[in-house]
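Q: Just need the structure, nothing else, for what follows:
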Amino acid sequence: MSGSVLIIDDEPNIRKMMEMIHRNAGWETASAPGGDEALALLAEKGFDIVYLDLAMPGRGGIDVLKDIKTRRPDQIVVILTGTATVEKAVEATRLGAFDFLEKDCGKEKILLTSQNALEFHKLYEENRRLRDRVSKRQEFIGRSGDFADILGKINRVAPTGARVLVMGESGTGKELIAREIHERSKRAGKPFVKVNCAAIPEELIEAELFGSVKGAYTGSVASRRGKFQAADGGTLFLDEIGDMSLRTQTKVLRALQEGEIEMVGSDAPVKVDVRVIAATNRNLQAEVAAGRFREDLFFRLNVVPIVAAPLRSHPDDIPLLAAAFMKTYCAENDLPLKKFAEGVLELMRGYEWPGNVRELKNQVERMAIMSRGSTIGVMDLGAEIRSGGPRLASPARAGDRRGENGGTAGLPAGTEEGAGRMAAALAGDPDIPSGGGMARPDAGYFIEEALSLQEAKKRLERAVIERVLDRNDWNVTRAAEELGLERTNLHKKIKSYGLARRMP
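A: The predicted structure is shown next:
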């Protein structure tokens with residue numbers, strides 16, 4: 001077993017000797033005379049192991065070690081010195097050095113250290129991948145028909161070697177689908193490598209995908225592996241493939257057809273065993289018709305198409321997703337687990353979520369961190385959700401048309417229904433009187449009668465507070481916790497709105 005090694009030493013003979021020992025054993029090697037040059041190489045290309053001279057003029061090995069560990073905390077570094085001392089060994093180890101060798105320790109000792117370090121590195125990476133697998137799998141949850149349909153396709157295609165094209169709006173979880181396919185496949189123990197094709201400049205994407213040899217382009221000071229090689233034996237996820245240039249598409253097509261790639265600056269083919277899963281938020285058939293995407297590549301990728309449904313099409317999954325995200329973010333931030341108050345999840349189910357699952361995750365993370373109580377209340381929701389925002393029409397009343405466009409008083413279709421759902425969720429059955437001569441609020445109460453947006457918001461807040469107080473038998477402490485308010489603040493609002501407990 002061999003890997004890649006970088007030797008940092010100011011003595012040319014030492015660099016030459018270390019490179020020769022490793023190269024003859026099948027290792028890929030590079031060297032640098034000092035810390036600055038070495039850090040530039042590490043920024044350009046990753047190495048499995050770094051050998052670092054402890055006593056160099058100018059910036060010493062300890063300082064360089066600190067820089068390496070700051071930029072790459074997981075980098076395996078072996079210290080080289082001609083004058084080993086216990087004090088220096090202890091300091092280097094404390095800073096994260098894997099081992100400590102004298103330069104004249106002999107070829108066998110050097111290669112044994114390299115093999116041990118490489119084994120440690122591979123075990124560490126495998127452990128990290130296993131942790132990632134566990135954390136990622138926890139996010140892929142749902143109970144709706146849309147979710148069941150996607151899961152069924154994943155279960156059928158995962159054990160095969162078929163290529164998959166995942167389509168859907170931004171934020172719908174296309175990467176999660178790709179990861180789930182990988183985790184349920186025979187390649188699960190191998191790397192899952194993601195490439196965002198839209199985020200890499202055109203002049204760099206070929207080197208990023210296929211790798212490059214030393215001197216292939218200006219600034220290329222060492223050979224570097226590409227993503228196809230990094231994913232060898234595993235899965236390569238090409239996200240936003242619709243943004244890839246035609247030139248790069250041609251090379252990707254060849255890689256899929258031949259099972260081999262050519263590094264930038266080299267004509268020598270390199271065999272790779274990679275399963276490709278692609279994703280896009282574009283209509284690739286339309287892109288093919290417009291001449292912006294190769295038809296033959298489209299057919300190669302679109303063996304098994306999976307459409308990631310937008311969150312608004314499966315709102316029944318929102319409570320389950322929100323609870324899972326809340327558990328994750330509370331644990332990550334060392335916070336006690338928080339629950340959602342009655343009515344909050346109903347509001348979230350009615351919101352359209354233009355940013356899909358990604359927007360839901362962001363909303364839940366904010367609430368987990370910023371809410372003060374143990375219960376997420378209505379006032380902890382984002383303003384766009386509290387005030388209605390883009391909302392779904394109630395399915396039960398979708399055919400109830402009032403006015404020419406199905407709304408009320410000239411409002412767009414669906415607005416009344418959305419407001420009605422919000423009022424019903426927060427205030428209870430609109431047919432039940434609230435006492436004091438004030439009917440439970442319905443859609444008209446918030447829309448038709450409101451003189452201004454500010455007045456509508458006040459009416460909504462008053463109704464919410466009254467409903468929560470009733471539900472908690474006017475226990476102000478419990479009601480404040482459910483609403484996510486300070487107890488004193490709730491007392492002020494009760495007084496401001498002139499609320500009083502109704503007599504039975």
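Q: which outside residues touch stretch 115-122?
A: Residues from elsewhere that reach stretch 115-122 (C-beta atoms under 8 Å, 6 or more residues apart in numbering): Met1, Ser2, Gly3, Asp48, Ile49, Ile76, Val78, Phe98, Asp99. C-beta: built from backbone N, CA, C; applies to glycine.
Q: now it, how far from the chain's geometric center?
A: How far stretch 115-122 lies from its chain's middle: 29 Å, per C-alpha atoms, centre = their mean, to the nearest Å.
Q: Most neighbours out of the contacts of stretch 115-122, which is it?
A: Of all the contacts of stretch 115-122, the most densely surrounded is Ile49 (25 neighbours; neighbours counted as other C-beta atoms under 10 Å).
Q: separation between it and Asn196?
A: For Ile49, the distance to Asn196 (C-beta to C-beta, to the nearest Å) stands at 29 Å.
Q: again, but for Lys458
A: 45 Å.
Q: just Thr113 next, same as before
A: From Thr113 to Asn196 the distance is 37 Å (C-beta to C-beta).
Q: Contacts made by whichever strand or helix holds Phe299 with the rest, please.
A: Phe299 belongs to helix 295-301 when assigned by DSSP states H and E. With contact meaning C-beta under 8 Å, 6+ apart, helix 295-301 is reached by 163, 165, 241, 249, 252-253, 256-257, 276, 278, 284-285, 288.
Q: again, 10 Å this time
A: The contact list for helix 295-301, computed with C-beta atoms under 10 Å, 6 or more residues apart in numbering, reads 163-166, 238, 241-242, 244, 246, 249-250, 252-254, 256-257, 276-280, 284-285, 287-289, 293-294.
Q: now stretch 32-43
A: Stretch 32-43 is contacted from outside by 6-12, 15, 30-31, 47, 50, 52-53, 56-61, 63-68, 71-72, 75, 219, 221-222, 224, using C-beta under 10 Å, 6+ apart.
Q: Which of these fall in helices?
A: Pro12, Arg15, Gly61, Asp63, Val64, Leu65, Lys66, Asp67, Ile68, Arg71 (DSSP state H).
Q: which residues touch stretch 262-273?
A: For stretch 262-273, using C-beta under 10 Å, 6+ apart, the contacting residues are 161, 187, 190, 204, 206-217, 220, 223-226, 228-234, 236, 251, 254-255, 258-261.
Q: What subset of those residues is buried?
A: Using 16 or more other C-beta atoms under 10 Å as the burial test, the contacts of stretch 262-273 include 187, 190, 206-213, 216, 220, 223-226, 228-232, 234, 236, 251, 255, 261 as buried.
Q: my guess is Glu342 meets Ala479, correct?
A: No: in this structure Glu342 lies outside contact range of Ala479 using C-beta atoms under 10 Å: 11.7 Å.
Q: so Asp273 is in which element?
A: Counting by DSSP H and E, Asp273 is part of no helix or strand.
Q: ditto for His22
A: helix 12-24.
Q: For that helix, which residues meet the burial criterion?
A: Ile14, Arg15, Met17, Met18, Glu19, Ile21, His22.
Q: likewise stretch 240-247?
A: For stretch 240-247, burial by neighbour count (16+ other C-beta under 10 Å) applies to Glu240, Ile241, Gly242, Asp243, Met244.
Q: shaky segments in this structure?
A: For the chain, applying pLDDT under 70 flags the ranges 1, 83-87, 89-90, 129-139, 215-222, 388-454, 502-504.
Q: how far away is the residue lying closest to Leu95 once chain neighbours are set aside from Arg94?
A: Closest residue to Leu95 apart from its sequence neighbours, by C-beta to C-beta, 6 or more residues apart in numbering: Leu65 at 5.4 Å. Distance of Leu65 to Arg94, computed by C-beta to C-beta: 10 Å.
Q: Could you check which of those two has the larger neighbour count?
A: Each of Leu65 and Arg94 has its neighbours counted (other C-beta under 10 Å); Leu65 has more, 23 against 8.
Q: So the more buried one is in contact with Leu52, correct?
A: Yes: with contact defined as C-beta under 10 Å, Leu65 and Leu52 form a contacting pair (6.1 Å).
Q: Now do the shared contacts for the two.
A: Ile8, Gly35, Val77, Ile79, Ala92, Ala97.
Q: between those, which is closest to Asp104?
A: Ile79 (14.5 Å; C-beta to C-beta).
Q: Next, the closest one: phi, psi?
A: phi -80, psi 140 (degrees, to the nearest 10).
Q: Report the separation between it and Leu95.
A: 10 Å.
Q: do Leu209 as well
A: Computed as C-beta to C-beta, the Leu209 to Leu95 distance reads 35 Å.
Q: And for Asp473?
A: Going from Asp473 to Leu95 by C-beta to C-beta gives 61 Å.
Q: Same drill for these two, tell me which one is more crowded.
A: Shown here are Asp473 and Leu95; by other C-beta under 10 Å, Leu95 has more neighbours (14 against 9).
Q: So that one versus Val77, what's the distance?
A: Distance from Leu95 to Val77, by C-beta to C-beta: 9 Å.
Q: Which neighbours do those two have in common?
A: Leu65, Ile68, Lys69.
Q: which of those lies closest to Arg372?
A: Lys69 (38.2 Å).
Q: which residue packs closest to that closest one, ignoring adjacent ones?
A: Closest residue to Lys69 in three dimensions, ignoring its sequence neighbours and counting by C-beta to C-beta, 6+ apart: Gly96, at 4.8 Å.
Q: Tell me if I'm right that that neighbour and Leu52 touch.
A: No: judged on C-beta under 10 Å, Gly96 makes no contact with Leu52 at a distance of 11.3 Å.
Q: Neighbour count for the two, which is higher?
A: A count of neighbours by other C-beta under 10 Å puts Leu52 above the other of Gly96 and Leu52, at 25 against 15.
Q: List the contacts of that one.
A: 6-9, 32, 35, 38, 60-62, 64-65, 68, 77-81, 92, 97.
Q: Now do it against Glu108, distance only.
A: Distance of Leu52 to Glu108, given as C-beta to C-beta: 21 Å.
Q: One more: Ser31?
A: In terms of C-beta to C-beta, Ser31 sits 21 Å off from Glu108.
Q: which one of the two has more residues nearby?
A: Ser31 (20 against 9).
Q: What is the neighbour count of the closest residue to Glu11 other than its chain neighbours?
A: Of all residues not flanking Glu11 in the chain, Asp53 sits nearest, at 7.5 Å (C-beta to C-beta, 6+ apart). Asp53 is flanked by 24 other residues according to other C-beta under 10 Å.
Q: for Asp53, which residues make a bridge with it?
A: Beta-bridge partners recorded for Asp53 (DSSP bridges): Leu80.
Q: ok, back up a step: mark which of the ones in helices among the contacts of stretch 32-43 are buried, thanks.
A: Of these, these count as buried by 16+ other C-beta under 10 Å: Arg15, Gly61, Val64, Leu65, Ile68.
Q: Output these as a markdown table; include the columns distance to Leu320.
A: Conversion of those to a markdown table gives the following (distance: C-beta to C-beta, whole Å):
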| residue | distance to Leu320 |
| --- | --- |
| Arg15 | 58 |
| Gly61 | 53 |
| Val64 | 50 |
| Leu65 | 47 |
| Ile68 | 44 |
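Q: Closest to Asn489 out of those residues?
A: Relative to Asn489, the closest of those is Ile68; by C-beta to C-beta it sits at 51.2 Å.
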